[in-house]
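*Asks:* what's the 3D shape of this:
(one chain, ligands or ions: 2)
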Amino acid sequence: MIGRLNHVAIAVPDLVAASAQYAGTLGAAVRPPQDEPDHGVTVVFIDLPNTKIELLYPLGENSPIQGFLDKNPAGGIHHICYEVEDILAARDTLKASGARVLGTGEPKIGAHGKPVLFLHPKDFNGCLIELEQI
Ligand SMILES: CC[C@H](C(=O)O)C(=O)SCCNC(=O)CCNC(=O)[C@H](O)C(C)(C)COP(=O)(O)OP(=O)(O)OC[C@H]1O[C@@H](n2cnc3c(N)ncnc32)[C@H](O)[C@@H]1OP(=O)(O)O
Ligand SMILES: [Co+2]
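*Replies:* Ligands and ions are numbered 1, 2, ... in the order given. Prediction:
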């Protein structure tokens, strides 16, 4: 079911500072920030040779990552995103296995214009998993 690692997401307390650190200190290719109001975040993608890093910062009042940052004020790894070929088939298989699919259970369009879903961290060893259909 899961394929390539699409990205590793890091929630950060200061998006400008984190972006500058990746571009400067770490010498990485940092893309400009993009607001994702439907997801309650602003994201910055960093292109690596074999995957991407997604920096996350809360956007709006009800950001789903605000609680995480309140608990982790210095930031931290927030989720990992795996690619799947058929997100609805993956969802149905996972639900049948007892995994909790977050939100309404219907995919939303993510930062890459592709359908995404999230799986509860408590069902996957404390790791929030995002699935993105390729
Ligand atoms: C533009 C889209 C972009 C893309 O790549 O395309 C994105 O990635 S958008 C990313 C932001 N969106 C989401 O994260 C949506 C899914 N997330 C959620 O629905 C919430 O964050 C949720 C439900 C995972 C957690 O929400 P919240 O922290 O408010 O709830 P709780 O405090 O009740 O947490 C329950 C329990 O889970 C632990 N937790 C929370 N977040 C994480 C995490 N990222 N990784 C691991 N564990 C997490 C939290 O500590 C609680 O544990 P407990 O032991 O009960 O304290
Ligand atoms: Co993501």
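*Asks:* now the strands for this structure?
*Replies:* Using DSSP state E, the strands found in the chain span residues 5-11, 29-30, 34-36, 41-47, 52-58, 76-84, 108-109, 115-119, 128-133.
*Asks:* Those residues of the protein touching ligand 1, which are they?
*Replies:* 9, 36, 39, 41, 43, 54, 56, 64-65, 67-68, 78-79, 81, 102, 110-111, 116, 118, 121-122, 126, 128, 130 (CB under 6 Å from any ligand atom). (C-beta placed from N, C-alpha, C; glycine too.)
*Asks:* coming back round to it: pick the most buried one from the strands of the chain.
*Replies:* strand 52-58 (a mean of 22; mean count of other CB atoms under 10 Å).
*Asks:* Return the list of strands paired to it, each annotated with direction.
*Replies:* strand 5-11 (parallel), strand 41-47 (antiparallel) (DSSP bridges).
*Asks:* Next, format the ones you listed as CSV and append mean pLDDT and distance to residue 91.
*Replies:* Formatted as CSV, the strands paired with strand 52-58 follow (pLDDT from 0 to 100; distance: least, CB to CB, whole Å):
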stretch, mean pLDDT, distance to residue 91
strand 5-11, 98, 16
strand 41-47, 98, 21
